[in-house]
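*Asks:* got a sequence here, can you model it:
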Amino acid sequence: MALNPYSSQRALAIPPSGIRKFFDIAATMDDVISLGIGEPDFDTPEPIVQAGIDALERGETHYTSNSGILELREAISDHLMSRYGVSYEARDEILITVGVSEALYLTMAALLDPGDEIIMAEPSFVSYAPSAILVGAEPVLLPTTPETGFQLTAEAVEAAITERTKVIFLASPNNPTGTVLSRERMEAIAALAEAHDLIVISDEIYDRLVYGTTFTPFASIPGMQQRTVTLQGFSKAYAMTGWRVGYVAGPPEMIWDMRKIHQYLIMSAPTASQWAALKALEVGEPFVQKMHAAYDRRRKLIVQGLNDLGLMCTEPHGAFYAFPCITSTGMDDNTFAEKLLQEEQVAVVPGRAFGESGIGFVRMSYATAYEQIEEALTRIGRFVRRYRQA
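*Replies:* Prediction:
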């Protein structure tokens, strides 16, 4: 595409999504098994869909409060208290957003000034660093490795703190690695946040998709709620990606600033979707458990299968991604992804899409049918053997 001579420096500073590139190519091909997009293959559960339909039919087609419908905020408050013992006031400490994507931008815009530094782990989801750049801040990316289970350490964070550091950004469970931060590591990072008077942004969108370990919300750590902004939503656990409902929970003075930006940027999240999200909190638990069990079964299949093929894969304990190392094939991650798609019709995402620390890895989403993953592993095995023998 030709360069736009009127492009802003901020627009030029961010790359196009490495995820979407391969998804768009795969969409033009036949018989493709996509392990690329992090989207549940389940449809939204019927009672949740019906709640959205009912909202439309009773005329819920107008703007809501900028903060979102009060009933939903109250249900979120109850949910966070009953599940994690963290108390948020529905009126002043919870803001409904257009997915976690808007929540992420609002938080960055409300907390960061040009020149401020925000520390975050790498590999990390493609939106994190660009969102900081778009508000003029500087992302400080800390590499993580399989040797430490892709865990961000307090030692690395402390070494990166400067006089310009304002925020520590955490994502647990992590996309793309599936890492779930241990409570001990969180407590060590919390001590640094307290000592250096830093804010913590914690993306917890995958909190319900955790396997064989315990999830700890960062705000539940003693002393941290007043300096933590939690990003959450309904897309992953309830299979509601297209409904676009997320939320921010945090101290009232921070939510106040985010609400102001939200007023001018968005006005309010989709009305019918908010009523559907309320129903998800009311009746969705059995569906969450069913999907969780299916993901866990798929997780075990793909991790074992990849390791059996010699593609070393650290066990992911959260989300629905595997992040195998593919250097044993003699290819870099871009070449591996391109050739695998062209020759075996399996779509994966090169690890470099998630930062330089992802070079040599690829992300594979197991949010697809078990049988599809079995077939994908057969194709990947054929592909790997062909190039190892070459």
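*Asks:* next structured bit after the worst-scoring helix or strand of the chain on mean pLDDT?
*Replies:* Ranking every helix and strand in the chain by mean pLDDT, DSSP states H and E puts helix 18-26 at the bottom, with a mean of 68. Next along the chain after helix 18-26, taking DSSP states H and E as the criterion, comes strand 33-34.
*Asks:* in terms of secondary structure, what does that following strand contact?
*Replies:* Where contact means 3 or more C-beta pairs under 8 Å, 6 or more residues apart in numbering; DSSP states H and E, strand 33-34 is packed against strand 346-347, helix 370-389. For glycine as for every other residue, the C-beta is placed from the backbone atoms N, C-alpha and C.
*Asks:* any buried residues in the longest one, and which?
*Replies:* For helix 370-389, burial by neighbour count (16 or more other C-beta atoms under 10 Å) applies to 372-373, 376-377, 380-381, 383-384, 387.
*Asks:* give me the distance between it and the centre of its chain.
*Replies:* 27 Å (C-alpha atoms, centre = their mean, to the nearest Å).
*Asks:* average pLDDT for it?
*Replies:* Helix 370-389 shows an average pLDDT of 93 in the prediction.
*Asks:* hey, C-alpha coordinates of that helix in CSV?
*Replies:* C-alpha atoms of helix 370-389 as CSV (Å, rounded to 0.1, in the frame of the first residue of the first chain):
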residue,chain,number,x,y,z
TYR,A,370,-10.6,-31.4,19.0
GLU,A,371,-10.8,-33.3,15.7
GLN,A,372,-9.5,-30.3,13.8
ILE,A,373,-6.5,-30.1,16.2
GLU,A,374,-5.8,-33.8,15.6
GLU,A,375,-5.8,-33.3,11.9
ALA,A,376,-3.6,-30.1,12.3
LEU,A,377,-1.1,-32.1,14.3
THR,A,378,-1.0,-34.8,11.5
ARG,A,379,-0.3,-32.1,8.9
ILE,A,380,2.3,-30.3,11.1
GLY,A,381,4.0,-33.7,11.7
ARG,A,382,4.2,-34.3,8.0
PHE,A,383,5.5,-30.8,7.4
VAL,A,384,8.2,-31.0,10.2
ARG,A,385,9.4,-34.5,9.0
ARG,A,386,9.7,-33.3,5.4
TYR,A,387,12.0,-30.4,6.3
ARG,A,388,14.0,-32.3,8.9
GLN,A,389,14.8,-34.9,6.2
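*Asks:* summarise which helices and strands it is packed against.
*Replies:* strand 33-34, helix 285-308, helix 333-344, strand 346-347.
*Asks:* report the angle between it and helix 285-308.
*Replies:* Between helix 370-389 and helix 285-308, the angle comes out at 20 degrees (axes from the mean of the first three to the mean of the last three C-alpha atoms, to 10 degrees).
*Asks:* just the strands in the stretch 51-200 of the chain please.
*Replies:* 94-97, 117-122, 138-143, 165-171, 199-203 (DSSP state E, counting those that start in this stretch).
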